[in-house]
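K.L.:
I would like to see how this sequence folds:
(chains A and B)
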Amino acid sequence: MTTTRGYNIDEEAVRQAKGTWFRTREQFVRVLRKNPNLLIGLIILTFFLLLCGFAQFWERIDPLMLDPDDRLQGPNWKHWFGTDNAGRDIYSRTLHGGRVSLMVGFFVAVFTTLVGMTLGLISGYTPKIDIVLQRIMDSIMSFPTLLLALALVAMLGSSMWNVIGVISFVDTPRMVRIVRATVLTLREQMYIDAAKALGAPTWRILFVHLAPNTMAPVLVQATYVFALAILTEASLSFLGLGIPPENPSWGNILALGRTFLQQAFWISFFPGFLLTINVMAMNLVGDGLRDAFDPKMSRSV
Amino acid sequence: MWKYIVRRSLLAVPVLFVVSVISFSIMQLAPGDPAAILMGGEYIAIATEEEIADLRTALGLDVPPLFQYFNWITGFFVGELGNSIYTGVAVATMVSDRIEATASIVLYGIFVSIMLGLPMGIIAGWKMNTWIDRSVMIFAVFGFAIPGFWLALNLIYFFCVKLGWFPVFGFRSIVTDGPLEFLRYSTLPSLTLAVAFMALIARMTRSSLVEVLGEDYIRTARAKGLKESIMLRRHALKPAFMPVLTVIGLIFAAAVTGTVVTESVFAIPGMGRLFVKAVGDRDYPVIQGLMMIFATAYVFLNLIIDILYAYLDPRIRYS
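P.N.:
Numbering: from 1, shown residues only, chains lettered A, B, ... in the order given. Below is the predicted model:
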């Protein structure tokens, strides 16, 4: 090893950084090879994220443009997915709707994770709060999710952020349950005792020592929440209480398609198909992650 | 066993209390005075101040919320949930008129999903990693992801519009119109409900059976030359059904969510459609009553499942 001052330290750091990068990448590739489902799910998801996230680049016709001459046309070269009763292009609307739907799913997953982890960590660590909090979570879970979401959205008014808030509220208890269950098993571990003995404050034990170890089940659950939220949003919009209709989402295009089902089945077919494929891909990713985190399960399930 | 039943039942009491508070306070979330909104909105002065005050008294909104809650919850215990704001019909009557449609669709759907899902899961688990297993799993992944309303629309388009095999919407009672009419009207809605549950049951049965088949006592059973069919029936299926039981419990709860959408698409006069309509109309007594009924049913169902579980698996009783 050369001892040129400063120089070799940089070299060492670069080598180390490269090493971890290669290790993680190798590990990642190995996980993907073992879990073809995870790979398929990720490919589909990435494809739709690019397709819907950058909808303005792939769209062929303005999704809001009315074209009465072309109304209720079946799929053709000009309108790949056909047109609706006002002559709006279903292909463009589906891409833009996908963006709204995926955004709802993403934010619900983020909020549910943040709130669910905080409550779950506290609940799992402090038995006194746990008793009260778990009964509240039990009662929220006692309501059929869609019913509670419908009632809440109707009371608060339908806008995208209200829909996101309401679905997050409805989906949080399950996340709390999962984090709490993990914390209950971790609480007795030696390293928590060690942290306590060193005088670490409770918040530090919760968020520095316990939180990272709940990440695996949380990530898996967040993936399922993502899928579930997209379905719930679509159901709400389908029933006329979700995202306001001037803003296309998969749910409200489907709601329109229902009215014209007999004349123009393509209005509901395409957004519904994309919705199904996306939810399926997310469930595949969730299952794949679960198997990757818990190798014991992956061989049998 | 009795000790467990009492302990588990006591746990349900605080849950039911919070459930009632949530059901009741949903109304408080809406901005503005409900009575004024019902009389044509805050900004459109159709009704006079007195008329609004009269409506407020009629709805029992003139007392503080705490008293309103007390009146409402005492009413719930004697089956008195107030009257619909629009039709004036008692909520209890409205619900009992619609319970048959919802119950028959849900039971029919769950029956179909169990009858098809269980065998699918058993075959897939037994023939693990064969093409049968793979196709069942692919169906399970798809079936679980398909949104009910989209499936319903496709079924309607294919079977009703194109083939004309089934009526597009409506409901016929099995009691008054006979089983044949009931099947004609209810098969598609029930199938819509059933597909996701079928997928769930098949998947759960498969993974649970695969786990059981890996146990030592199954190897022993096979080693002593027991026929596969007898081994399955006598040794593998009973323990494999335990987790499936929980899933079937969950399905009853999920079915209620499913009926909301299914009943709306097929125009079935059930509780789910009643709820959607009440939400649209802001018919508060109906919304509150239905939420309370659904949640209470869920709490009791869970209670029964837990007790059943403890009965089947003694280890749970003592933990």
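K.L.:
just confirm B:Leu226 is within a strand.
P.N.:
No. Using DSSP: H, G, I helix; E, B strand; the rest coil, the assignment for B:Leu226 is coil, not a strand.
K.L.:
count of neighbours near it?
P.N.:
As a burial measure, B:Leu226 scores 15 neighbours (other CB atoms under 10 Å in any protein chain shown). To be clear about C-beta, it is placed using only N, CA and C from the backbone, and glycine gets the same treatment.
K.L.:
what segments of the stretch 151-300 of chain B are helices?
P.N.:
Under the criterion DSSP state H, counting those that start in this stretch, the stretch 151-300 of chain B contains helices at B:178-213, B:216-223, B:228-231, B:237-266, B:271-281, B:284-312.
K.L.:
can you list these in JSON lines and add mean pLDDT?
P.N.:
JSON lines is the format used below for these (pLDDT from 0 to 100):
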{"stretch": "helix B:178-213", "mean pLDDT": "86"}
{"stretch": "helix B:216-223", "mean pLDDT": "86"}
{"stretch": "helix B:228-231", "mean pLDDT": "83"}
{"stretch": "helix B:237-266", "mean pLDDT": "81"}
{"stretch": "helix B:271-281", "mean pLDDT": "88"}
{"stretch": "helix B:284-312", "mean pLDDT": "86"}
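K.L.:
so which residue is dead centre in the chain?
P.N.:
Since you didn't name a chain, this refers to chain A. Centroid-nearest residue in chain A, with CA atoms, centre = their mean: A:Phe226, separated by 2.3 Å.
K.L.:
switch to chain B, please.
P.N.:
With distances taken as CA atoms, centre = their mean, the residue of chain B nearest its centroid is B:Val256 (2.5 Å).
K.L.:
where does the closest residue to that one other than its chain neighbours land on pLDDT?
P.N.:
Counting by CB to CB, 6 or more residues apart in numbering or on different chains, B:Val256 lies nearest to A:Pro144, which is 4.3 Å off, once chain neighbours are set aside. Note on A:Pro144: pLDDT of 87.
K.L.:
burial count for A:Pro144?
P.N.:
25.
K.L.:
and it, how far is that from B:Ser264?
P.N.:
Distance of A:Pro144 to B:Ser264, given as CB to CB, to the nearest Å: 14 Å.
K.L.:
residue contacts, the closest residue to B:Val279 other than its chain neighbours?
P.N.:
In space, and not counting its chain neighbours, B:Val279 is closest to A:Ala154: 4.4 Å by CB to CB, 6+ apart. For A:Ala154, the contacting residues are A:Leu241, B:Val279, B:Gly280, B:Arg282, by CB atoms under 8 Å, 6 or more residues apart in numbering or on different chains.
K.L.:
give me the buried subset of the residues you listed.
P.N.:
A:Leu241, B:Val279, B:Arg282 (16 or more other CB atoms under 10 Å in any protein chain shown).
K.L.:
let me know the secondary structure of B:Phe144.
P.N.:
When the rule is three-state DSSP, B:Phe144 gets the label helix.
K.L.:
separation between B:Ala152 and chain A?
P.N.:
Using CB to the nearest CB, to the nearest Å, one obtains 9 Å as the distance from B:Ala152 to chain A.
K.L.:
surely that residue and B:Phe266 touch.
P.N.:
Yes. The criterion here is CB atoms under 8 Å, and B:Ala152 meets it with B:Phe266 at 6.8 Å.
K.L.:
find residues that contact each of the two.
P.N.:
Common neighbours of B:Ala152 and B:Phe266, using CB under 8 Å, 6+ apart, are B:Leu188, B:Pro189, B:Thr192.
K.L.:
and of those residues, the nearest to A:Ala86?
P.N.:
B:Thr192 (28.6 Å; CB to CB).
K.L.:
report pLDDT for the nearest residue to the closest one once chain neighbours are set aside.
P.N.:
Leaving aside its sequence neighbours, B:Thr192 sits nearest to B:Ala152 (CB to CB, 6+ apart; 4.5 Å). We have a pLDDT of 87 for B:Ala152.
K.L.:
just send the contacts of A:Ala154 back as a markdown table, with distance to A:Ser158 too.
P.N.:
Listed next are the contacts of A:Ala154 as a markdown table, based on distance: CB to CB, whole Å:
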| residue | distance to A:Ser158 |
| --- | --- |
| A:Leu241 | 6 |
| B:Val279 | 11 |
| B:Gly280 | 11 |
| B:Arg282 | 13 |
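K.L.:
and the residue of the stretch 101-250 of chain A closest to chain B?
P.N.:
Residue nearest to chain B within the stretch 101-250 of chain A: A:Ser139 (3.7 Å; CB to the nearest CB).
K.L.:
I figured that residue hits B:Ser23, correct?
P.N.:
No. A:Ser139 is beyond contact range of B:Ser23, at 9.5 Å (criterion: CB under 8 Å).
K.L.:
which neighbours do those two have in common?
P.N.:
Common contacts of A:Ser139 and B:Ser23 (CB under 8 Å, 6+ apart): B:Ala295.
K.L.:
comparing the two, which residue is more hemmed in?
P.N.:
B:Ser23 (28 against 23).
K.L.:
would you mind listing the buried residues in stretch B:293-310?
P.N.:
Buried, per 16+ other CB under 10 Å, within stretch B:293-310: B:293-296, B:298-299, B:302-303, B:305-307, B:309-310.
K.L.:
return only those of those found close to chain A.
P.N.:
For chain A, the contacts drawn from the buried residues of stretch B:293-310 by CB under 8 Å from any CB of the partner chain are B:Phe294, B:Ala295, B:Thr296, B:Tyr298, B:Val299, B:Asn302.
K.L.:
closest to A:Phe270 out of the residues you listed?
P.N.:
Lowest distance from A:Phe270 to those (CB to CB) belongs to B:Phe294, with 33.4 Å.
K.L.:
mind listing what that closest one touches?
P.N.:
A:Phe143, A:Pro144, A:Leu147, B:Val256, B:Met271.
K.L.:
isn't the second one up against B:Thr257?
P.N.:
Spelled out, it's A:Pro144. Yes. The pair A:Pro144 / B:Thr257 is scored as a contact, 4.3 Å apart, by CB under 8 Å.
K.L.:
shaky segments in chain A?
P.N.:
Residues of chain A meeting the criterion pLDDT under 70: A:1-23, A:55, A:58-61, A:68, A:70-72, A:74, A:78-79, A:87, A:295-301.
K.L.:
break it into its domains for me.
P.N.:
A:1-34, A:37-300 (automatic domain parsing).
K.L.:
right, I'll leave it there.
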